[in-house]
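From the sequence below, what's the structure:
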Amino acid sequence: MVEPCSAAGLASRSAGALIIVSSALALAACNAKNAYVPPPPPKVVVAQPVERPVTLYFELTGNTTAINSIDLVARVQGYLESIDYKDGSAVKKGELLFGIERDQYQAQLDQAKASLANAEAQQVYNQAEFQRQSTLGKQDFATQATVQQWKSNVDQSGAAILNAKAAIELANINLGYTQVTAPFDGVVTHHLVDVGSLVGVTGPTKLATLVQTDPMYVYFNLSEPQVLAIKESNARAGLPFRTTDLSNIPVEIGLQGEDGYPHKGHMDYASQQVDQSTGTLLVRALFDNKDQTLLPGLFVRVRTPVSALPKALLTSNDAIGTSQEGSYVLVVGADNVVHRKVVKTGDKQGQLRIIESGLDPGDWVVTEGLQRAFPGAKVEPQRTTLASAETAPSTAGAADPAPK
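Numbers count the residues shown, from 1 in each chain. Here you go, the predicted model:
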């Protein structure tokens, strides 16, 4: 027999039901909060490679050399009387630099001139006497021996004249050596001998050095493979590689501390053969140096073109990685999934690198956020142009549309 429910029992059962319903609702709410939500794909910056004409260069090292440099010497003996320039000053061709005492050399010149006058006077007398004796000999009033003797005297006086003229030339030369002049425009170093010093005693005495620095030479060496590469490039362009006409080949140099290659010149000389001991070809370039920026003996960076690519493909140098397979780049496909492409790289062009093969012009290359991208991963790419990616701050946080 079932006992009827009391009011207290109904209340108790109702309270229990409420507790069960509340617990069920709370459990359901807790399960909803703990549901797994995948993180958003990482953001990367992508850019398509650029196509443009590119000139390929050989980057070498060289040294500057003065176009002319000579030692100024005293070629005659005497006391140094004057120094007619300021140490380190620029001088013009023919300008007087040093003076050596001239008295004895002037006296030698005067003596040689007097000897010439005496020889000429003797020749006039001998010639007249020879004519007189010749006339007497025809009339049998003079012997043939006497006539021949005066003929010999005429010849001897002629030789004496030639000897006197040679002595004058020699005396003039020695007198000219007493004035040391500049043989070309340039800069004179500090003097090595003071006024009053006896010079030219046992041989030529070095007085100073004259250096011509405008224009300026730069010498550098091309390796054998580089020479062959130039010949091959010229052959493709239908141009011969002549070492006799190089003025149309540009050469650029940069000094230590300078950015790039601000000094422009051209090739001036190339050796006719490769040095077998070093496997290099000596080359010389000529540079204008009116502002005296270049000094002899400086170490310089040299750049000279080897070939031109009319349509080269370039991407950011920072976007290129390396592995056992070689160089590679990460590209983002239409599904926003990262793929790796093995590429063959060429020369560096500023912040860009030439891609010789393995990359298509329409590929979107990951240029920023490489640490967040790996093959097979899905990313959120932000498109940009390669030029702005190289010069502008990172745009990884921008919300650009995904590539299509």
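
helix/strand/coil for the residue nearest to Gln273 when sequence neighbours are not counted?
Distance criterion Cβ to Cβ, 6 or more residues apart in numbering; nearest residue to Gln273, sequence neighbours excluded, is Leu281 at 7.8 Å. C-beta coordinates here come from the backbone N, C-alpha and C atoms, glycine included. Per DSSP: H, G, I helix; E, B strand; the rest coil, the secondary structure class of Leu281 is strand.

got the contact list for Leu281?
Leu281 is in contact with 221-224, 227, 270-271, 273-275, counting by Cβ atoms under 8 Å, 6 or more residues apart in numbering.

What is the nearest of the residues you listed to Trp364?
The closest of the contacts of Leu281 to Trp364 turns out to be Ser223 (Cβ to Cβ; 38.9 Å).

Wait, the closest one touches Thr280, no?
Yes. Shown here, Ser223 and Thr280 form a contact pair, counting by Cβ atoms under 8 Å, at 5.6 Å.

that older thread, how close does the residue nearest to Gln273 get to Asp275?
When distance is defined by Cβ to Cβ, to the nearest Å, Leu281 is 7 Å away from Asp275.

Can you give the domain ranges for the chain?
The record assigns the chain these domain ranges, following automatic domain parsing: 45-54+311-391, 102-177, 212-293.

how far out from the middle of the chain is the longest strand seen in the chain?
Criterion DSSP state E: the longest strand present in the chain is strand 50-74. When distances are taken as Cα atoms, centre = their mean, to the nearest Å, strand 50-74 is centred 3 Å away from the chain's centroid.

And the longest helix seen in the chain, what's buried?
Ranked by residue count under DSSP state H, the longest helix found in the chain is helix 103-138. Neighbour-count burial for helix 103-138, counted by 16 or more other Cβ atoms under 10 Å, picks out 105, 108-109, 112-113, 115-116, 119, 122-123, 126-127, 130, 133, 137.

Tell me the one of those nearest Pro204?
Using Cβ to Cβ, Tyr105 is the member of these that sits closest to Pro204, with 16.0 Å.

And the closest one, what's its pLDDT?
According to the prediction, Tyr105 has pLDDT 93.

For the residue nearest to it when sequence neighbours are not counted, give me its contacts.
In space, and not counting its chain neighbours, Tyr105 is closest to Leu175: 4.3 Å by Cβ to Cβ, 6+ apart. Residues near Leu175 by Cβ under 8 Å, 6+ apart: 102, 105-106, 108-109.

host element of Leu175?
Assigned by DSSP states H and E, Leu175 belongs to helix 144-177.

Report the angle between that helix and strand 50-74.
120 degrees (axes from the mean of the first three to the mean of the last three Cα atoms, to 10 degrees).

Over to Thr202. Which of the three states is it?
Following three-state DSSP, Thr202 is assigned to coil.

Can you tell me how far it is from Leu170?
Using Cβ to Cβ, Thr202 is found at 21 Å from Leu170.

now swap in Val343 and tell me
Look at Val343 and Leu170: by Cβ to Cβ, they are 77 Å apart.

swap in Met267?
The spacing between Met267 and Leu170, counted by Cβ to Cβ, is 45 Å.

Who has more neighbours out of the two?
The residue with more neighbours, out of Met267 and Leu170, is Met267; 19 against 13, by other Cβ atoms under 10 Å.

OK, contacts around that one?
With Cβ under 8 Å, 6+ apart, Met267 has these contacts: 246-247, 249-251, 283-286, 304.

Could you list everything it pairs with in the sheet?
Assessed by DSSP bridges, Met267 has beta-bridge partners Ala285.

Beta-bridge partners for Val188, please?
Per DSSP bridges, the residues bridged to Val188 are Leu210.

my read: it touches Ile83, true?
No. Using Cβ under 8 Å, Val188 makes no contact with Ile83, being 9.9 Å away.

what do those two both touch?
What both Val188 and Ile83 touch, as defined by Cβ under 8 Å, 6+ apart, is the set Leu97.

Neighbour count for those two, which is higher?
Neighbour count, other Cβ under 10 Å: between Val188 and Ile83, Val188 has more, with 23 against 19.

OK, contacts around that one?
Per Cβ under 8 Å, 6+ apart, neighbours of Val188: 72, 85, 87-89, 91, 97, 182, 208-211.

Thr143: which of the residues you listed is nearest?
Using Cβ to Cβ, those come closest to Thr143 at Leu72, 62.4 Å.

any idea how far the closest one lies from Ser316?
Per Cβ to Cβ, Leu72 is found 57 Å from Ser316.

next one: Lys341
According to Cβ to Cβ, Lys341 and Ser316 sit 14 Å apart.

Tell me which of those two has more neighbours.
Per other Cβ under 10 Å, whichever of Lys341 and Ser316 has more neighbours is Ser316, with 21 against 16.

tell me the pLDDT at Leu97?
For Leu97, the model assigns a pLDDT of 96.

Please identify which helix or strand holds it.
Using DSSP H and E, Leu97 falls within strand 96-100.

Now for Ile83: which residues touch it?
Ile83 neighbours (Cβ under 8 Å, 6+ apart): 97-98, 191, 195.

scratch that, Gly326
Here Gly326 is in contact with 342-344 (criterion: Cβ under 8 Å, 6+ apart).
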